[in-house]
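Trainee: show me the folded form of this:
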Amino acid sequence: MKTKLFAGLLAGASMLAMPALAQEDMQDGPGGEAGAMHLRDIGFMVMGGDTSEPDENGAVTVENQMFVEFYLNADPQYDVPIVLVHGGGGQSSDWYGTPDGRDGVRDYLIAAGFDVYAADRPGHGRSPASPNYGSGQLGQANSGIISWLATSENWPGGEPTPDNENVINWLKLSATTPYGGDVLSAEKISELLDEIGPAILMPHSAGGRSAFLAAQMNPENVVGIVAIEAAGSNPFQDEVMRTNLTWEPALAEDVAVSEDACPMQAEGEASSLPGLSDIPMIMIASGIFHTSEQLDCFASVWEQAGVSVEKVLLADDFPGVGHFFTAETNNGETVQVLIDAAAQLAGGN
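Mentor: Residues are numbered from 1 along each chain as shown. Coordinates of the predicted model:
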């Protein structure tokens with residue numbers, strides 16, 4: 001059985017009955033760099049949730065649900081919202097602010113006029129893990145891993161060493177429970193798209209696979225994808241993508257591979273991805289974690305499969321930014337790249 005929980009800002013009030021909150025200034029308090037957020041509604045949804053067979057007492061358990069928080073603009077400038085899909089070991093709060101307390105991507109997107117939905121992939125954040133996701137905890141993230149990922153010239157507090165206070169602050173929100181998997185996450189994102197209608201998917205890092213797969217599951221409700229150093233960016237090389245995307249003709253186990261430095265299908269034998277061919281994609285790379293050469297490779301692989309890709313290399317305008325550029329000291333400038341990309345895909349009202 002599938003269930004869905006839907007809540008607005010005021011207990012007991014439906015979303016449609018909510019008054020506009022245009023007079024509500026949410027700029028007070030920490031941060032505020034993005035400007036005031038004027039909202040017509042704020043709340044959450046829980047997508048899916050499979051119930052077990054009743055036990056001898058009639059009680060059931062629930063699993064495979066996905067928590068989504070939403071922020072609906074009082075004066076939206078675009079007809080389509082953005083769905084934020086966080087990276088590995090993180091949760092939707094990765095988008096809410098920086099480890100030193102400044103405004104994050106969510107706030108800038110709202111200030112720019114977008115409606116925003118932020119999902120916790122199953123097993124992360126407020127989407128509970130299930131015993132069926134694996135036994136025990138995942139290997140717990142440590143500051144060494146975060147330090148490596150945070151490599152940049154703009155990390156708050158200086159060089160992102162393992163003992164950097166803001167590396168540790170980022171680590172504090174890292175997940176330690178089993179993940180439900182990319183396919184399950186994609187199914188829940190697709191259910192969200194069924195609920196809210198056409199949207200732009202904006203995945204970061206390990207959130208990429210589930211966003212790409214969700215787009216194939218529900219192409220009519222995906223206006224475009226802004227992929228931020230996303231896992232699965234080479235769908236030919238990535239095992240999850242090779243296995244779960246629909247290639248035509250189907251990829252053979254011994255499919256020929258190009259001999260150059262970019263793993264891709266050999267020319268003349270390429271399979272296509274018709275489920276994604278009508279969805280424009282903007283791929284964003286920092287230049288450190290994903291290099292210029294990798295970005296060129298990724299775009300070539302998608303284009304070979306019939307998917308339109310535009311490339312953005314942050315290092316061209318923002319040298320030294322890294323994988324977590326949205327949390328760095330100049331995030332107010334770099335986030336504009338995401339706003340511009342989303343605006344290009346959405347068009348104005």
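Trainee: which residues sit against the helix or strand harbouring residue 195?
Mentor: Per DSSP states H and E: residue 195 is located in helix 182-196. Applying C-beta atoms under 8 Å, 6 or more residues apart in numbering, the contact partners of helix 182-196 are 4, 45, 47-48, 64-66, 68, 81, 83, 85, 117, 119, 121-122, 179, 199, 201, 207, 209-214, 217-218, 221-222, 240, 244. All C-beta spots, glycine's among them, are computed from the backbone N, C-alpha and C.
Trainee: residue contacts, residue 231?
Mentor: 87-88, 205-209, 238.
Trainee: lowest-confidence entry in those residues?
Mentor: Note: of the contacts of residue 231, the lowest pLDDT belongs to residue 88, at 90.
Trainee: distance of the nearest residue to that residue once chain neighbours are set aside relative to residue 301?
Mentor: Leaving aside its sequence neighbours, residue 88 sits nearest to residue 206 (C-beta to C-beta, 6 or more residues apart in numbering; 3.0 Å). From residue 206 across to residue 301, the span is 19 Å (C-beta to C-beta, to the nearest Å).
Trainee: same check on residue 125?
Mentor: Distance from residue 125 to residue 301, by C-beta to C-beta: 31 Å.
Trainee: cool, and residue 64?
Mentor: Residue 64 is 31 Å from residue 301, by C-beta to C-beta.
Trainee: now the helices: where do they sit in the stretch 101-250 of the chain?
Mentor: 105-111, 143-149, 165-171, 182-196, 208-217, 239-244 (DSSP state H, counting those that start in this stretch).
Trainee: nearest to residue 340, out of those helices?
Mentor: helix 105-111 (11.4 Å; C-beta to C-beta).
Trainee: who does the closest one touch, helix- and strand-wise?
Mentor: strand 66-73, strand 82-85, strand 116-120, helix 331-346 (3 or more C-beta pairs under 8 Å, 6 or more residues apart in numbering; DSSP states H and E).
Trainee: what does the last one contact?
Mentor: Under the contact criterion C-beta under 8 Å, 6+ apart, helix 331-346 has outside partners 33-34, 78-80, 82, 98, 102-105, 108-109, 112, 114, 200, 202, 223-224, 226, 228, 280, 282, 284, 312, 314, 317-318, 321, 325-326, 328.
Trainee: give me the buried subset of these.
Mentor: 34, 78, 80, 82, 98, 102-105, 108-109, 112, 114, 200, 202, 223-224, 226, 228, 280, 282, 284, 312, 314, 318, 321, 325-326, 328 (16 or more other C-beta atoms under 10 Å).
Trainee: for the residue nearest to residue 263 when sequence neighbours are not counted, list the residues it contacts.
Mentor: Leaving aside its chain neighbours, residue 263 sits nearest to residue 237 (4.3 Å; criterion: C-beta to C-beta, 6+ apart). For residue 237, the contact set (C-beta under 8 Å, 6+ apart) comprises 263-264, 301.
Trainee: just the buried members of the residues you listed?
Mentor: Members of the contacts of residue 237 classed as buried by 16+ other C-beta under 10 Å are 264, 301.
Trainee: dump the contacts of residue 237 into CSV; add distance to residue 92 as well.
Mentor: Formatted as CSV, the contacts of residue 237 follow (distance: C-beta to C-beta, whole Å):
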residue, distance to residue 92
263, 32
264, 33
301, 29
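Trainee: which of the contacts of residue 237 lies closest to residue 41?
Mentor: residue 301 (39.9 Å).
Trainee: now the closest one: which helix or strand?
Mentor: Going by DSSP H and E, residue 301 is in helix 292-304.
Trainee: mind listing the strands whatever helix or strand comes next after that helix pairs with, and their directions?
Mentor: Sequence order places strand 309-313 as the next helix or strand after helix 292-304, per DSSP H and E. With DSSP bridges as the test, strand 309-313 is paired with strand 281-285 (parallel).
Trainee: what's the strand it pairs with in contact with?
Mentor: So strand 281-285 is contacted by 224-230, 233, 291-292, 294-295, 298-299, 302, 307-315, 337-338, 341, 344-345 (C-beta under 8 Å, 6+ apart).
Trainee: ok, residue 174 touching residue 90?
Mentor: Yes. If you go by C-beta atoms under 8 Å, residue 174 and residue 90 touch, sitting 6.5 Å apart.
Trainee: lovely, talk soon.
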